[in-house]
Structure formats: structure tokens, C-alpha cells
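Novice: Model the structure of this input:
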Amino acid sequence: MGDGVRAAARRSRAATRPVVSRDRAHLRSALAARGRPGATSLSGHRPAGAGTGTGAHRLRLFARASVHRAATRRSGGRQGGGGMTVSPTLERLPRISRPSTTPLLRSIGTAVPHIRIGQDELIDELASLWELSRTRRERWARLCRASGIQQRYGTRPPREVFSLPTSARMDIFAEEAPPLAMEAADRAIRDAGINASDVTDLIVVSCTGFSAPGLDVALIERLGLSGNVRRTMIGYMGCFGAITGLRSAIGACAADPDACALVVCCELCSLHLRDDQSMENQVATSLFGDGAAAVIVTGSPSEELNGAASGPPSLGRLALGATKLLPEGRDWMSWRITDAGFAMTLSKRVPEALEATIASFVEDHFDRIGLAGYCVHPGGPGILDAVQRGLSLPNEDALRSARTVLCEKGNMSSGTVLFVLEEAMRAGEPLPTLLLAFGPGLTIEALPILPATAQ
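Specialist: Coordinates of the predicted model:
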């Protein structure tokens with residue numbers, strides 16, 4: 001083959017080379033231009049220090065801008081404001097308007113099962129099922145009475161689930177979770193002053209039971225939601241799952257300002273009472289109960305959502321929040337599926353880690369908000385005491401709502417922090433407040449609730 005033919009072939013291959021490959025070539029050229037002055041960001045603004053140094057940040061911005069400009073030239077794009085070029089492909093995409101305000105927390109609905117279990121009753125029942133010796137029974141009783149819990153609620157008596165295999169426990173979840181979740185969701189919908197047909201997004205959170213079709217489909221059927229509702233299942237995230245659900249609702253409202261998101265947390269922790277006398281299992285058994293909590297989050301007030309002249313006032317506004325993973329605590333809190341229910345481990349090091357970390361975490365992310373209070377997930381009395389010390393809160397009243405929920409209902413996993421928020425609002429505690437919850441990882445999750453109107 002002659003040189004001319006080979007050159008023509010090379011030109012032909014270059015012309016048909018995929019865009020991504022040619023973009024890489026432009027990126028290499030840009031990287032080779034290290035030190036070139038005058039780099040600009042994709043927004044058309046000159047980054048700090050541009051043209052005066054050869055920092056890696058300026059180089060990366062220049063490289064991205066070079067690739068973008070080259071790709072746009074090839075696609076025939078036009079020049080936009082600030083020197084930014086706009087691809088014809090992007091111009092053809094539907095424009096999504098950005099909401100002018102943060103999403104609204106419209107309502108909270110909660111529900112607990114019909115079986116009330118007093119702490120003394122639990123002590124006697126489990127001591128009998130475990131066949132504890134006198135010494136072990138006394139230790140078990142001390143553990144329960146130090147939990148700060150007077151009662152909790154369950155869907156089945158402990159004796160009915162104690163020896164069941166996991167499959168049978170999941171069958172009970174599929175039977176008992178939908179009506180409990182529906183009760184909480186129905187209250188949230190009603191208190192928000194909307195109709196079930198207004199719900200555009202359904203976000204369901206649980207770590208205590210699974211099936212497919214699952215709780216999400218059951219709620220669509222029972223509540224009469226649209227078959228077109230966008231649904232998300234958030235599973236196995238533990239006690240911080242409600243905050244993950246709220247963050248998903250924020251995302252739904254950011255993508256669609258007309259969105260109306262229903263977030264439902266439903267946990268049947270009592271289904272996982274186990275024939276296990278280990279201290280770890282006894283600690284978990286002393287704390288956990290059943291409950292469901294639901295909230296409505298919208299990007300618009302109710303009168304804009306359903307055309308009503310007015311609606312109930314919003315409870316507050318949601319900000320995005322923050323999260324922190326403490327990888328050294330990976331094994332300090334866990335939730336594992338076994339053949340006889342789900343097994344929890346909870347190390348004594350968890351409160352120590354939270355106490356050492358929580359103040360800097362809050363200061364780093366929420367110092368500018370001017371927090372008036374905290375709604376803390378009551379993982380147990382040790383967790384609440386550690387957070388109180390870590391944040392230098394003056395007395396127990398600072399976490400009164402969390403301690404009240406723990407006392408009256410126990411730890412209900414993901415939805416508990418929403419019970420705490422409901423209790424805080426019922427008591428007239430001021431905003432802004434910070435939702436704080438903790439779970440496997442070891443994970444800290446936080447999300448601020450701001451006043452509904454600008455201060």
C-alpha cells in the first residue's frame with residue numbers, strides 16, 4: 001500500500017473514531033499544556049489563581065474546558081452566556097425548572113401495633129423462654145430496667161415468634177407490616193391536606209422484613225395511589241434509614257418541583273426475638289419495639305399542589321444534611337440475617353465513638369444554621385448520654401423528646417427519629433432542629449429541619 005493510500009486511511013479512521021476517543025486525545029493535549037495561563041472553568045469564570053500558577057486544580061479545569069469546547073465544535077454547538085458553549089443535544093433535552101425554595105415537610109404520621117408489652121412483662125417472658133438461671137435472670141432484669149424503657153409495642157407476642165425460622169418471620173412481616181404502614185401513611189396524607197392521588201413518589205424504608213412484590217406495592221394498593229407513582233425501596237440501612245428516605249424525597253422535589261413524596265418507615269423488630277442468651281442479643285432484645293412513621297414532602301405548598309385555596313401550614317423545610325462514616329467502627333454495630341431471624345451486635349465502643357466525633361461533625365456541617373435543638377435517634381440510654389456529653393448539652397431536657405419516645409415506645413429502628421420529631425413539634429420545641437441518627441458502618445446521619453418561613 002502506498003504512502004498516500006495509508007495517509008488517506010488514517011484520515012478516514014480519525015474521522016470515524018468515536019467521540020470519547022477523540023476527547024481523550026484532546027485531554028492529553030490539554031494535560032501537555034501544563035502551565036498555560038488563562039484557563040477557565042466550564043461556567044465561564046476564571047478560577048482563583050488562574051494564569052498565575054501551574055496548580056493541579058487549574059490544570060484540571062483547563063483540561064475539562066478544552067475537551068468540552070472540542071466536543072462542542074465537532075457537534076456544531078452554539079456559544080452560550082459567559083463563553084460557555086451549548087451542545088445541540090443538550091438544547092433538545094426538556095428543561096427542568098429549579099425549585100426556588102427547599103422542600104417542605106408537610107406532615108408526620110405515626111402508628112404502633114396493638115400489643116403493648118411492659119418492660120416487666122418482657123423480663124418475665126424472655127427469662128422463661130431462655131430458661132435463665134436465677135443469676136442470669138437478675139442480670140437480664142437489671143439490663144432491661146436500665147434501658148430507660150417502660151413499654152414498647154409488638155405485632156405478635158414474643159412466644160409466637162421466638163423459635164420461628166426466618167422464612168416464617170418474613171411471612172408475618174408480609175402480613176402485619178402493610179396495615180401498620182398504611183395507618184401511619186394515611187395519617188400523614190390526611191394531615192398534609194392532600195389526596196392520595198397527589199402522591200407522585202413513594203419511598204419505603206425497612207430493615208426488618210423483605211419480599212417482592214413488597215411493602216411498596218402493598219401501600220400503593222391499600223392507599224389507592226396511582227399506578228404511575230415513582231417508588232423506591234430503601235432496605236437494611238438500620239436506624240438512620242429515615243434520614244436516607246428524607247434525602248431521597250429532597251432529590252425527588254429537586255428533580256420535579258411539583259413532586260409530592262410520601263416517605264414511609266415500617267419496622268417490626270419484635271419479629272427477631274431469638275433463642276440466644278448472649279449479652280449482645282439481650283441488649284438488643286431489651287431495646288427494640290415495632291412502629292411505623294410516615295411524612296409528606298412537597299416542592300410546593302398544598303394550594304399549588306391540588307388547587308385548594310389553603311392548606312395546613314407546613315411543619316418546616318428540609319435541607320440536604322450530611323453523613324459521616326467511621327470505618328474503624330465497621331464491626332461495632334451490625335445487623336445480620338441468620339436462619340433464625342436477624343441478629344444484631346452493638347459494641348460498647350459505639351457511644352464512645354459518637355461522643356468523640358459528634359461535636360466536630362455538627363460544627364463542620366451545621367455551624368451556620370444556628371440550631372435551636374436536636375432530635376436524636378434514641379438508640380439506647382447510653383447513646384443519648386454520649387451525644388449529650390459530646391454536644392455539651394446542659395441537661396436532660398435538651399433531649400427530652402428522644403427520651404420520651406424511648407421510654408414510651410422503645411427503639412423502633414429507622415422511623416424512631418420521626419417519632420422524636422413529632423414529639424418535639426408537639427411540645428413546641430423551636431426550629432431549626434437537627435435530626436441525628438446512627439447505624440451500621442459505623443454511620444452518623446444528620447438532616448436539618450428549618451423554619452417553614454424565612455426568619
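Novice: Kindly report the domain assignment for this structure.
Specialist: By the assignment in automatic domain parsing, the chain contains the domains 3-92, 104-315, 322-450.
Novice: okay if I get the ones you listed as TSV plus mean neighbour count and mean pLDDT?
Specialist: Where C-beta positions appear, they are placed from N, C-alpha and C, glycine not excepted. Output for the domains of the chain, formatted as TSV (neighbours: other C-beta atoms under 10 Å; pLDDT from 0 to 100):
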stretch	mean neighbour count	mean pLDDT
domain 3-92	13	43
domain 104-315	20	93
domain 322-450	20	93
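Novice: Looking at this structure, which helix is longest?
Specialist: The longest helix of the chain (DSSP state H) is helix 166-192.
Novice: Counting by contacts, list what that one packs against.
Specialist: strand 104-111, helix 215-223, strand 260-268, strand 290-298, strand 341-346 (3 or more C-beta pairs under 8 Å, 6 or more residues apart in numbering; DSSP states H and E).
Novice: now those as JSON lines including distance to residue 412?
Specialist: JSON lines is the format used below for these (distance: least, C-beta to C-beta, whole Å):
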{"stretch": "strand 104-111", "distance to residue 412": "9"}
{"stretch": "helix 215-223", "distance to residue 412": "15"}
{"stretch": "strand 260-268", "distance to residue 412": "5"}
{"stretch": "strand 290-298", "distance to residue 412": "4"}
{"stretch": "strand 341-346", "distance to residue 412": "14"}
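Novice: wait, which of the ones you listed is closest to residue 143?
Specialist: strand 341-346 (12.2 Å; C-beta to C-beta).
Novice: tell me the angle the closest one makes with helix 166-192.
Specialist: Relative orientation of strand 341-346 versus helix 166-192 (axes from the mean of the first three to the mean of the last three C-alpha atoms, to 10 degrees): 70 degrees.
Novice: Which residues does the helix or strand that strand 341-346 is followed by contact?
Specialist: The C-terminal neighbour of strand 341-346 among helices and strands, as given by DSSP states H and E, is helix 349-366. Applying C-beta atoms under 8 Å, 6 or more residues apart in numbering, the contact partners of helix 349-366 are 321-322, 324, 326, 328-329, 332-333, 371, 379, 382-383, 385-387, 389-392, 434, 436, 438, 442, 444, 446, 448.
Novice: In helices, which of those residues appear?
Specialist: Using DSSP H, the contacts of helix 349-366 in helices are 382-383, 385-387, 389-390.
Novice: Whatever helix or strand residue 317 lives in pairs with which strands?
Specialist: Element membership for residue 317 (DSSP H and E) is strand 316-318. Strand 316-318 has the following strand partners under DSSP bridges: strand 104-111 (antiparallel), strand 443-450 (antiparallel).
Novice: for those, which one sits closest to residue 405?
Specialist: Taking the strands paired with strand 316-318 one by one with C-beta to C-beta, strand 104-111 is closest: 9.6 Å.
Novice: How about residues contacting that closest one?
Specialist: Contacts for strand 104-111 (C-beta under 8 Å, 6+ apart): 180-181, 183-194, 291-302, 312, 314-318, 415, 418-419, 421-422, 425, 449, 452.
Novice: got it, and stretch 378-398?
Specialist: Here stretch 378-398 has contacts from 146-148, 239, 283, 287, 346, 348, 350-352, 354-359, 362, 373-374, 376-377, 399, 402-403, 405-406, 411, 416, 420, 436, 438, using C-beta under 8 Å, 6+ apart.
Novice: for the nearest residue to residue 313 once chain neighbours are set aside, what are its contacts?
Specialist: Of all residues not flanking residue 313 in the chain, residue 452 sits nearest, at 6.5 Å (C-beta to C-beta, 6 or more residues apart in numbering). Residues near residue 452 by C-beta under 8 Å, 6+ apart: 104-105, 313-317.
Novice: mind redoing it with 7 Å?
Specialist: 104, 313-317 (C-beta atoms under 7 Å, 6 or more residues apart in numbering).
Novice: Which residue comes closest to residue 248 once chain neighbours are left out?
Specialist: residue 203 (5.0 Å).
Novice: you'd agree the one you found is in a strand?
Specialist: Yes - using DSSP: H, G, I helix; E, B strand; the rest coil, the assignment for residue 203 is a strand.
Novice: Quote the end-to-end distance of stretch 283-298.
Specialist: 39 Å (C-alpha to C-alpha, to the nearest Å).
Novice: How far off centre is it?
Specialist: 14 Å (C-alpha atoms, centre = their mean, to the nearest Å).
Novice: same question, stretch 420-440
Specialist: The answer for stretch 420-440 is 15 Å, by C-alpha atoms, centre = their mean.
Novice: Over to stretch 232-248?
Specialist: 4 Å.
Novice: which residues are in contact with that stretch?
Specialist: 203-207, 210, 214, 216, 263, 265, 293, 297, 318, 320-321, 335, 377, 379, 413-418, 435, 437-440, 443, 445, 447.
Novice: Can you give me the distance of residue 136 to residue 279?
Specialist: Taking C-beta to C-beta, to the nearest Å as the measure, residue 136 falls 10 Å from residue 279.
Novice: Next: residue 266.
Specialist: For residue 266 relative to residue 279 (C-beta to C-beta), the value is 29 Å.
Novice: hmm, back to that, what angle do strand 260-268 and the longest helix of the chain make with each other?
Specialist: Using the same axes, to 10 degrees: helix 166-192 against strand 260-268 is 140 degrees.
Novice: How far off centre is helix 166-192?
Specialist: On C-alpha atoms, centre = their mean, the centre of helix 166-192 falls 19 Å from that of its chain.
Novice: Any chance of the strands paired with strand 316-318 in JSON lines with distance to residue 154 as columns?
Specialist: Output for those, formatted as JSON lines (distance: least, C-beta to C-beta, whole Å):
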{"stretch": "strand 104-111", "distance to residue 154": "13"}
{"stretch": "strand 443-450", "distance to residue 154": "26"}
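Novice: Nearest approach to residue 259 belongs to which of those strands?
Specialist: Of the strands paired with strand 316-318, nearest to residue 259 by C-beta to C-beta is strand 104-111, at 10.9 Å.
Novice: Off-centre distance for that closest one?
Specialist: Taking mean C-alpha positions (C-alpha atoms, centre = their mean), strand 104-111 and its chain are 16 Å apart.
Novice: repeat for stretch 196-214
Specialist: That offset, for stretch 196-214, works out to 14 Å (C-alpha atoms, centre = their mean).
Novice: Quick one: end-to-end length of that stretch, please.
Specialist: Its start and end residues considered, stretch 196-214 measures 19 Å (C-alpha to C-alpha).
Novice: what does stretch 373-381 give?
Specialist: Using C-alpha to C-alpha, the two ends of stretch 373-381 sit 18 Å apart.
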